[in-house]
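Colleague: Starting from these lines, generate the structure:
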Amino acid sequence: MQKQWYESWFDSEYYHILYQNRDCGEAEMFLNNLSAYLKPAAGSRILDLACGRGRHSIHLAAKGFDVTGIDLSDNNIAFAKKSENKNLVFYVHDMRHTFRINYYDIVLNLFTSFGYFEKERENTAVIKSAAAALKPNGIFVLDFLNTGQVKEKLTCEKKEKQNGIEFIIRKSITDIWVNKQIDFSDKGESFHIEEKVRAFSLAEFEKYFSACDLKIIHLFGDYSLTEFDERNSERLIIVAKK
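Modeller: Numbers count the residues shown, from 1 in each chain. Here you go, the predicted structure:
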């Protein structure tokens, strides 16, 4: 069967070339702020859903938490495993399927690692698997793009040069999807990649969470944890309790 775009693209060396300048300092600031807000006990068990190469997991483990990272990409997990230690482990796993039950104090899904799937039941399955993994009263944090702000401030086209490769990136939005078309050439070969993420509203997330017995307790609008504003916030960060 032909792979879905997220299965092949996230496993590609070009994905990491394009996004190599992600702000790790910002990611660490977010996790520090989140830890200060949640106040997890030392040694708390944390599950990082769709962990990529593990940058969030690694930082949390360094803070003394017992961290598990899971990701669909074999290459990402092979890379992340180089950083494993006594309180940090990584597995190849599809977040649509349950990974342990009533085990974790906190489950995280960060950096818009949700909304890739075509079918409604697949998105529901991700939230259900997160809820199942949590202990009673455990916390689920989902960090997503703010669709309202994207609609207001969409940049239609830009170019980025990384490692001598020029990436042409075109963005568009429909009622259902936020679309990104990426074109580039390397070693005499041309590539065309299509990323797409569901343009979920807060109301849609509220339905998902309610259906999975998760109660939303707070909304934040950026990594500094300012209050969420549907029109202007950069992010939609949902904190929910089982």
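
Colleague: So Asn109 sits against Val141, correct?
Modeller: Yes - with contact defined as C-beta atoms under 8 Å, Asn109 reaches Val141; the gap is 7.2 Å. C-beta coordinates here come from the backbone N, C-alpha and C atoms, glycine included.

Colleague: Tell me how far Ser35 lies from Asp105.
Modeller: In this view, Ser35 and Asp105 are 12 Å apart by C-beta to C-beta, to the nearest Å.

Colleague: Now do the same contact list for the residue most central in space within the chain.
Modeller: Centroid-nearest residue in the chain: Ser113, 2.6 Å away (criterion: C-alpha atoms, centre = their mean). The contact partners of Ser113, by C-beta atoms under 8 Å, 6 or more residues apart in numbering, come to 49-50, 52, 95.

Colleague: Which of the residues you listed fall in strands?
Modeller: Secondary structure from DSSP state E places Leu49 of the contacts of Ser113 in strands.

Colleague: got CSV for the contacts of Ser113, with neighbour count too?
Modeller: Listed next are those as CSV, based on neighbours: other C-beta atoms under 10 Å:
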residue, neighbour count
Leu49, 23
Ala50, 24
Gly52, 23
Met95, 24
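
Colleague: biggest separation within the contacts of Ser113, which pair?
Modeller: Gly52 and Met95 (12.0 Å; C-beta to C-beta).

Colleague: Have a look at the protein and report its longest strand.
Modeller: Under DSSP E, the chain gives strand 134-145 as its longest strand.

Colleague: Give me the helices and strands touching that one, please.
Modeller: helix 24-38, strand 104-109, helix 120-133, strand 235-241 (3 or more C-beta pairs under 8 Å, 6 or more residues apart in numbering; DSSP states H and E).

Colleague: Do a quick rundown of the strands in the protein.
Modeller: 45-49, 66-71, 88-92, 104-109, 134-145, 157-162, 165-173, 177-186, 189-198, 215-220, 235-241.

Colleague: would TSV of those with distance to Ile58 and mean pLDDT be doable?
Modeller: Output for the strands of the chain, formatted as TSV (distance: least, C-beta to C-beta, whole Å; pLDDT from 0 to 100):
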stretch	distance to Ile58	mean pLDDT
strand 45-49	10	98
strand 66-71	8	98
strand 88-92	7	98
strand 104-109	13	98
strand 134-145	17	98
strand 157-162	23	92
strand 165-173	26	94
strand 177-186	27	95
strand 189-198	25	95
strand 215-220	23	98
strand 235-241	20	98
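
Colleague: Tell me which of those strands approaches Trp5 most closely.
Modeller: Comparing these by C-beta to C-beta, strand 189-198 comes nearest, at 5.8 Å.

Colleague: ok and that closest one relative to strand 177-186, angle-wise?
Modeller: 170 degrees (axes from the mean of the first three to the mean of the last three C-alpha atoms, to 10 degrees).
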